[in-house]
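Enquirer: From the sequence below, what's the structure:
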Amino acid sequence: MRIAACSTNPGKLREFALAAQECGRTDIVIEVLSGLKQISPPEEDGKTFEENATKKAIYYSRFSNELVLADDSGLEVDALNGAPGVYSARYAGPGASDEDNNNLLLRDLGTASHRDARFVCVLALAQKEQMLLTTRGVVEGQILISPRGENGFGYDPLFFYPQLGRSFAELSPEEKFSVSHRGKALRLLFERFKAPSHA
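Expert: Model (predicted):
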């Protein structure tokens with residue numbers, strides 16, 4: 001069974017495949033949605049990760065008869081009243097790089113002593129404009145005062161995970177996946193999802 005992912009982010013795609021493998025779902029192959037780069041993306045104007053993930057899954061399912069998987073994820077920082085939140089990928093503006101977003105986050109936090117934060121991931125699975133399933137994963141941590149580590153992507157170099165004593169960018173892909181928000185959401189999805197029966 002093939003699931004079409006609405007992302008070309010290699011980090012996300014690697015985690016999608018890792019989750020299917022870890023959950024023993026050898027029946028599932030996850031590949032990028034055919035022609036994704038030629039499809040104009042929908043406006044991500046939802047107020048929550050759930051709204052955006054659902055909107056993306058339903059929208060992209062119009063372009064395929066296959067199962068379509070979309071995610072919306074981001075960072076919530078308590079001292080910034082939950083920002084960057086749903087704007088995480090474009091916190092420093094449209095087309096912002098990971099470095100741009102990280103630098104702005106550090107500027108906005110300044111010398112704040114309360115640096116608790118969490119990564120949130122919501123996954124949505126749809127087919128032919130029908131929602132089939134959504135799952136949510138959350139991981140708690142703190143924002144460092146400067147980046148650490150070379151792995152990962154996004155805000156990983158700034159996200160310190162106390163239980164392992166390292167930033168997400170200092171973890172191996174397998175270590176990160178075992179505790180990450182996306183790992184949790186993906187495991188739930190593959191545990192709950194049953195292939196549609198074709199009577």
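Enquirer: got the contact list for the residue most central in space within the chain?
Expert: Centroid check for the chain by Cα atoms, centre = their mean gives residue 73 as the closest residue, at 4.0 Å. By Cβ atoms under 8 Å, 6 or more residues apart in numbering, the residues touching residue 73 are 49, 88, 119-122, 181-182. Where C-beta positions appear, they are placed from N, C-alpha and C, glycine not excepted.
Enquirer: Which of the helices or strands spans residue 74?
Expert: For residue 74, the host element (DSSP states H and E) is strand 67-77.
Enquirer: In whichever helix or strand comes after that strand, which residues are buried?
Expert: Beyond strand 67-77 on the C-terminal side, the first helix or strand identified by DSSP H and E is helix 98-109. By 16 or more other Cβ atoms under 10 Å, the buried positions in helix 98-109 come out as 98, 101-103, 105, 109.
Enquirer: what stretches of this structure score poorly on pLDDT?
Expert: Scanning the chain for pLDDT under 70 picks out 195-199.
Enquirer: So in that sheet, which strands flank the biggest strand by length in it, and in what orientation?
Expert: Ranked by residue count and defined by DSSP state E, the top strand of the chain is strand 130-143. Next to strand 130-143 in the sheet, as set by DSSP bridges, lie strand 116-127 (antiparallel), strand 159-161 (antiparallel).
Enquirer: next one: the shortest one to chain centre, how far?
Expert: Chain-centre distance of strand 159-161: 16 Å, with Cα atoms, centre = their mean, to the nearest Å.
Enquirer: Please work out which residues outside that strand touch it.
Expert: Contacts for strand 159-161 (Cβ under 8 Å, 6+ apart): 75, 117, 119, 139, 141-144, 148, 166-169, 171, 179.
Enquirer: Show me what secondary structure element comes after that strand.
Expert: Per DSSP H and E, the helix or strand that comes after strand 159-161 is strand 166-167.
Enquirer: tell me the contacts of residue 3?
Expert: Contacts of residue 3 (Cβ under 8 Å, 6+ apart): 16, 28-31, 66-69, 125.
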